[in-house]
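J.: Got a sequence here, can you model it:
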Amino acid sequence: MRILIVEDDASIVGALRALLNSEGHDCQVATRQDVAVDMLEQGSFDLALLDVTLEQGTGFGVCAAAQQIAPDMPVIFLTASDDEFSTVAGLDMGAADYIAKPFRARELLARINAAARRAKSGSAVERMSLGNVEIDLAAGVVRKQGRDLVLSALEYRLLLLFAQAKGRLVTRDAIRDALWDAGGEYVSDNAITVYIKRLREKVEDDPSHPKLIETVRGLGYKALG
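T.: So this is what the prediction gives:
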């Protein structure tokens, strides 16, 4: 992805750039609101990471401009851990997420990937399926043979992950990343096993002989629907 980093702390910029470059992303940096807005107007970005306090202007100003220039681009705010006002204000402005400083590298990457997936899914499709399970993305509703299924937020996110990866292997690391940014805490292998079991109990015709989510021993799972 092409990512715009709007941050005036050189040490944070260096760490972010090194981390994101190591994942294959192309990063551009601005330390001022006016420069960031110019960059948005002149180039195309897949995602923006915004600090609230800048050399000139604020991250809120950049976010407002982004809503006009690139409304489909997800924005993630970088906020101080005790700055509740900035967190709420950013989300109210339409930000996809916020990450409290200091942040963990793996959590940051998971949240960036999740925001990008949501943006892509939202713009491309409104419905998905896994076997006879239908997912209405716009309404956030899951149905099986016309009957509504009640899923937890984590189960819903896990179902989306499998529906997006039909026919492909989904590793435990991929599952951990998808669930981590939803729950905010590290997801153990045992927890993943429990979540898969609970989801199967709701979507499979016979959970003891799953046909939609197959276990690939030692590797992860494969969605077959």
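J.: Give me the three-state assignment for the residue nearest to the spatial centre of the chain.
T.: Note on the chain: the residue nearest the mean C-alpha position is A114, at 1.4 Å, using Cα atoms, centre = their mean. Secondary structure state of A114, per DSSP: H, G, I helix; E, B strand; the rest coil, is helix.
J.: Name the helix or strand for I76, please.
T.: strand 75-80 (DSSP states H and E).
J.: and the chain, what are its domains?
T.: What automatic domain parsing lists as the domains of the chain is 2-121, 126-223.
J.: what does stretch 62-74 contact?
T.: Applying Cβ atoms under 8 Å, 6 or more residues apart in numbering, the contact partners of stretch 62-74 are 6, 33, 36-37, 40-41, 44-48, 50, 54, 75, 77, 90, 93-97, 115-116, 118-119, 123. In short, each C-beta sits where N, CA and C put it, glycine included.
J.: Could I have the buried ones of these as PyMOL selection syntax?
T.: Buried residues within the contacts of stretch 62-74, by 16 or more other Cβ atoms under 10 Å, are selected in PyMOL with:
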select buried, resi 6+33+36+37+40+45+46+47+48+50+54+75+77+90+95+96+97+115+116+118+119
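J.: residue ranges for the helices of the chain, please.
T.: With DSSP state H as the criterion, the chain has helices at 10-22, 33-42, 59-69, 84-92, 105-124, 153-164, 172-183, 189-203.
J.: ok so, going back, how near is the residue nearest to the centre of the chain to A178?
T.: Counting by Cβ to Cβ, to the nearest Å, the separation of A114 from A178 is 7 Å.
J.: which ones are touching I12?
T.: 51, 78, 101.
J.: make it 6 Å
T.: Contacts of I12 were listed using Cβ atoms under 6 Å, 6 or more residues apart in numbering, and none were found.
J.: how close does it get to L54?
T.: When distance is defined by Cβ to Cβ, I12 is 12 Å away from L54.
J.: what does A119 give?
T.: According to Cβ to Cβ, A119 stands 24 Å off from L54.
J.: cool, E7 as well?
T.: Computed as Cβ to Cβ, the E7 to L54 distance reads 8 Å.
J.: Just give the number of residues close to P102.
T.: Residues within reach of P102, counting by other Cβ atoms under 10 Å, total 9.
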